[in-house]
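Asker: Predicted model and sequence below, questions to follow.
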Amino acid sequence: MRALTILGAGSWGTALAIAARRAGRDVTLWARREELAADIAATGENRRYMPGVALDPAIRATAVLEEATAEAEAVLLVVPAQHLRRAAENLTPHLRAGTPLVICAKGIEAGSARLMSQILQEVLPEQPLAVLSGPTFAEEVAQGLPAAVTLAACEAGLAERLVEALGSRAFRPYASDDVIGAQLGGAVKNVAAIACGIVAGRALGENARAALITRALAEITPLAQAMGGRAETLIGLSGLGDLTLTCTGAASRNYTLGMALGRGEAKEAALGGSRGVAEGVYSADGVVQLADRCGVDMPICRGVDAVLNHAAPIEATIDSLLSRPFRTEIY
């Protein structure tokens, strides 16, 4: 795999383009807006989403899908989760048969509660699928600081080929075949991060945050198992690793949104202050739908959904969680 296309020129797409180029790939970065692609090409940096970080001149920026995919040996889908279906539909006439698609968005489709892989299986059923997920802040990856991720694929050998294509000294992918577990770890941790942000905004202490992270993992794991994933995936990079980073790092949009809510800001005001997308807002309802379908108890995620989508008071929601009956710690 020499030629890789990155679909989505936000901060994470730009960081992955940089990482792929560091790994020696020929990289095309596609931007939805022509003016953004033109500015990246003219200035050698993504001034909108990654200001001050110089891009390798060999990274080609374009807003034309046909150009972006013409030579692609794999396409990394780095559009926000709620736009993945439309992006896949737009890709349909431009993809060569058998070109692998790598899902880099972490979320659950609003309304349908579909995982990203389920959307692609509906829209592009002939294309091999993989999932890239793990504890990564885009700015650190772009700066070349060490990071490790899960690269999961069902097709034999595809994960290993993608690891070879993207891996470098500082960006270290680990191969897996559990695409369900990798996706759910990345999607549900966004909801948990909002809860952790609320804990921080309410000044409930580090003990509470540690307990919440641990219990959130206890919610994600049985859901993944019920949907065909594996428990061991959830104690890896795309599970515990991503959960820990997103629930503790100030660069996490979901965590900072939760902090704002915990301090008493209205949801609309808190969302208005964010440059990127807090996927947990859209995934919370989907997580609850999946939990109901699978018969899995997920009180933390259900509480976040109640606050975000059903106007539940934060104080009453916290009190409800703290008033639950004591139980044996079983995972």
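Answerer: Arrived safely.

Asker: Tell me the first helix or strand C-terminal of the helix of greatest length in the chain.
Answerer: Counting by DSSP state H, the longest helix found in the chain is helix 179-201. Downstream of helix 179-201, the first helix or strand assigned by DSSP states H and E is helix 206-226.

Asker: tell me what that next one is packed against?
Answerer: helix 179-201, helix 231-234, helix 242-248, helix 279-294, helix 299-309 (3 or more C-beta pairs under 8 Å, 6 or more residues apart in numbering; DSSP states H and E). All C-beta spots, glycine's among them, are computed from the backbone N, C-alpha and C.

Asker: which residues touch it?
Answerer: Helix 206-226 is touched from outside by 180-181, 184-185, 188-189, 192, 195-196, 199-200, 230-231, 233-235, 239-240, 243-244, 247-248, 287, 290-291, 294-301, 331, with contacts defined as C-beta atoms under 8 Å, 6 or more residues apart in numbering.

Asker: in the chain, which segments are predicted with low confidence?
Answerer: 273-276, 331 (pLDDT under 70).

Asker: hey, which of the helices and strands packed on helix 206-226 is tucked in deepest?
Answerer: Highest mean neighbour count among those (mean count of other C-beta atoms under 10 Å): helix 179-201, with a mean of 29.

Asker: How far does it sit from its chain's centre?
Answerer: 10 Å (C-alpha atoms, centre = their mean, to the nearest Å).

Asker: Alpha carbons only: can I get that helix in CSV?
Answerer: Presented in CSV, the C-alpha positions along helix 179-201 are these (Å, rounded to 0.1, in the frame of the first residue of the first chain):
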residue,chain,number,x,y,z
VAL,A,179,-14.1,-4.5,14.5
ILE,A,180,-17.2,-4.5,16.7
GLY,A,181,-15.2,-4.1,20.0
ALA,A,182,-12.9,-1.5,18.5
GLN,A,183,-15.8,0.6,17.3
LEU,A,184,-17.9,0.4,20.5
GLY,A,185,-14.9,1.3,22.6
GLY,A,186,-14.3,4.4,20.6
ALA,A,187,-18.0,5.4,20.4
VAL,A,188,-19.1,4.8,24.0
LYS,A,189,-16.1,6.4,25.6
ASN,A,190,-17.3,9.7,24.2
VAL,A,191,-20.4,9.4,26.2
ALA,A,192,-18.5,8.4,29.3
ALA,A,193,-16.1,11.4,28.7
ILE,A,194,-19.1,13.8,29.0
ALA,A,195,-20.0,12.2,32.3
CYS,A,196,-16.4,12.6,33.5
GLY,A,197,-16.5,16.2,32.4
ILE,A,198,-19.6,16.8,34.4
VAL,A,199,-17.9,15.3,37.5
ALA,A,200,-15.0,17.7,37.0
GLY,A,201,-17.3,20.7,36.4
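
Asker: Which of the helices and strands packed on helix 206-226 sits closest to L115?
Answerer: helix 179-201 (5.0 Å; C-beta to C-beta).

Asker: Report the inter-axis angle for the closest one versus helix 206-226.
Answerer: Orientation note: helix 179-201 sits at an angle of 160 degrees relative to helix 206-226 (axes from the mean of the first three to the mean of the last three C-alpha atoms, to 10 degrees).

Asker: So the residue nearest to the spatial centre of the chain: helix, strand or coil?
Answerer: Central residue check for the chain by C-alpha atoms, centre = their mean: the C-alpha nearest the mean position is that of K106, 2.5 Å away. Three-state assignment for K106 (DSSP: H, G, I helix; E, B strand; the rest coil): coil.

Asker: That one and S133 touch, don't they?
Answerer: Yes. K106 lies in contact with S133 (C-beta atoms under 8 Å); the separation is 6.2 Å.

Asker: quick one, what contacts the spatially closest residue to A284 that is not a sequence neighbour?
Answerer: Distance criterion C-beta to C-beta, 6 or more residues apart in numbering; nearest residue to A284, sequence neighbours excluded, is D305 at 4.0 Å. Counting by C-beta under 8 Å, 6+ apart, D305 touches 191, 284-285, 287-288.

Asker: Need the overlap of contacts for K106 and S133.
Answerer: Counting by C-beta under 8 Å, 6+ apart, the residues touching both K106 and S133 are 183, 186, 242.

Asker: Please report the distance of the last one from G134.
Answerer: Yep, that's D242 we're talking about. 6 Å (C-beta to C-beta, to the nearest Å).

Asker: partners of A3 in the sheet?
Answerer: D26 (DSSP bridges).

Asker: ok, it touching G24?
Answerer: No. The criterion here is C-beta under 8 Å, and A3 misses it with G24 at 11.4 Å.

Asker: Comparing these two, which shows the higher neighbour count?
Answerer: Neighbour tally, A3 and G24, criterion other C-beta atoms under 10 Å: the higher count belongs to A3, 16 against 10.

Asker: Great, nothing more from me.
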